[in-house]
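*Asks:* My questions are about this predicted structure, shown below with the sequence.
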Amino acid sequence: MSRLVMKFGGTSVANIERIRNVARHVKREVDAGHEVAVVVSAMAGKTNELVAWCTEASPMHDAREYDAVVASGEQVTSGLLAIVLQGMGIQARSWQGWQIPIKTSDAHASARIEDIDGSEIIKRFKDRKEVAVIAGFQGINPETGRITTLGRGGSDTSAVAIAAAVKADRCDIYTDVDGVYTTDPRIVPKAKRLDKIAFEDMLELASQGAKVLQVRSVELGMVHNMPIFVRSSFDKPEDIDPHANQPPGTLICSEEEIMESHVVTGIAFSKDEAQISVRQIEDKPGVAASIFGPLADANINVDMIVQNVSEDGKTTDLTFTVPAADFTRAKDTITAAKAKIGYARLDTATDVAKISVIGSGMRSHAGVAAQAFSALAGRNINIRAITTSEIKFSVLIDTAYTELAVRTLHTLYGLDQT
């Protein structure tokens, strides 16, 4: 017998019929003898609707009341699933974040989980054979007693954190895709599903644009060494053998559990990027701080950074990227600090995309990035900026070449299905 946490996203619980389908997945695992906790998102589109209501009520709304409103979507779903499970003869009870409790920081709308007490859920596993149906995305700040939410995609984070708290054997993330692919199959039809992927590789894929999992959930899985299994909720529940070693999907696990590590695991891309170039700044200590300090104070994340020093060494250009959603704020922040920075010109571009090549195998292989630069040059794709790390490198290119670049690199590293 195993202890499982099963998480279902918004499309999986979009209406009552889909909630019944989720219940059949849960029943399959219960009938197999497993102890089960289920974490659910709000129905598809419901959170957007609730957010829109808050904005309509007041564009400058109180973040504490915002959390009280948007957390209600998961509350509805958890109650409905518990009702359906009970109708199938399964002992089930819904739980809100504050009832467990899931204790969080007080950063409303983007709180971080600090502690979870899973003892009562474990006790009910033992005493009542009860399925816990838990509202994802939400918790409580113990100091204020207020409901908090974890930010978009927070139900994934809830699920992995709860899995760690109840000492589960695995956390299954059910979604509208059947696993993690080498890249987006809509862009590259030859993309293949990975049977296993290391936490580090998945963390890079998620942070560089892959939409399968929320970044913090992967971080939590890595910290607690909690295996995460990404699978489709649209596979027929009755067609899946709960005792199979690995049903269709992708297991995210420690690198040691992967027999053969490929040089490149996958290609991620993001079109939600903007480029800012600060030109002809005096090259002296403190210049970078005068640029990036105000951006940090404005909570704007800076990604790729490239610095070019002039031939005479007196001035420098600094180019960096920010999320497209923060572009206007970032530009205004730099403009407001012009007197302190002392730059001559500000150049910007929003028609850029970031392509990232990820793989733990890069640690022991030289020339991986050089191959990409050569292949992109062969396609007449100009590279605006480059960043590298131990298991990843990213290039910034014109948005128009995104699909061509992804397909070129996917083929270059032998990731096409054979």
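*Replies:* Looks like it came in fine.
*Asks:* OK, contacts around K192?
*Replies:* 181-182, 415-417 (CB atoms under 8 Å, 6 or more residues apart in numbering). In short, each C-beta sits where N, CA and C put it, glycine included.
*Asks:* Then E65?
*Replies:* Counted by CB under 8 Å, 6+ apart, E65 has contacts C54.
*Asks:* Quick check: which element contains the nearest residue to G151 once chain neighbours are set aside?
*Replies:* Nearest residue to G151 in three dimensions, chain neighbours excluded: S110, at 4.2 Å (CB to CB, 6 or more residues apart in numbering). For S110, there is no host helix or strand (DSSP states H and E).
*Asks:* How about E74?
*Replies:* Going by DSSP H and E, E74 is part of helix 72-87.
*Asks:* what's around the residue nearest to G151, how many residues?
*Replies:* Burial of S110 is recorded as 16 neighbouring residues (other CB atoms under 10 Å).
*Asks:* end-to-end on stretch 106-124?
*Replies:* End-to-end distance of stretch 106-124: 29 Å, with CA to CA, to the nearest Å as the criterion.
*Asks:* let me redo that: stretch 323-343
*Replies:* OK, stretch 323-343 end separation, CA to CA: 22 Å.
*Asks:* Over to stretch 201-213?
*Replies:* For stretch 201-213, the first-to-last residue distance is 12 Å (CA to CA).
*Asks:* how far out from the middle of the chain is that stretch?
*Replies:* Centroid separation for stretch 201-213 versus its chain: 6 Å, with CA atoms, centre = their mean, to the nearest Å.
*Asks:* ranges for the strands of the stretch 201-350 of the chain?
*Replies:* Ranges of strands in the stretch 201-350 of the chain, per DSSP state E, counting those that start in this stretch, are 228-232, 250-253, 266-282, 305-309, 315-323, 345-358.
*Asks:* nope, the stretch 1-150 of the chain is what I meant
*Replies:* 3-8, 35-40, 92-95, 102-104, 113-116, 131-135, 138-141, 146-149.
*Asks:* and the second one, what other elements does it pack with?
*Replies:* For strand 35-40, the elements it packs on are strand 3-8, helix 16-31, helix 72-87, strand 131-135, helix 154-165, judged by 3 or more CB pairs under 8 Å, 6 or more residues apart in numbering; DSSP states H and E.
*Asks:* need the contact list for the closest residue to S394 other than its chain neighbours.
*Replies:* Setting aside the residues directly before and after it, S394 is nearest to S356 in space (CB to CB, 6+ apart), at 4.3 Å. Neighbour list for S356: 204-205, 208-209, 267-270, 392-394 [criterion: CB under 8 Å, 6+ apart].
*Asks:* Most neighbours among these, which one is it?
*Replies:* Going by other CB under 10 Å, I267 tops those with 31 neighbours.
*Asks:* Provide a list of residues in contact with the residue lying closest to it once chain neighbours are set aside.
*Replies:* Leaving aside its sequence neighbours, I267 sits nearest to T183 (CB to CB, 6+ apart; 4.2 Å). Residues near T183 by CB under 8 Å, 6+ apart: 191, 266-269, 406, 410, 415.
*Asks:* same thing but at 7 Å, please
*Replies:* Neighbouring residues of T183 by CB atoms under 7 Å, 6 or more residues apart in numbering: 191, 266-267, 406, 410.
*Asks:* Buried only: go through the residues you listed for me.
*Replies:* 191, 266-267, 406, 410 (16 or more other CB atoms under 10 Å).
*Asks:* Done for today, thanks.
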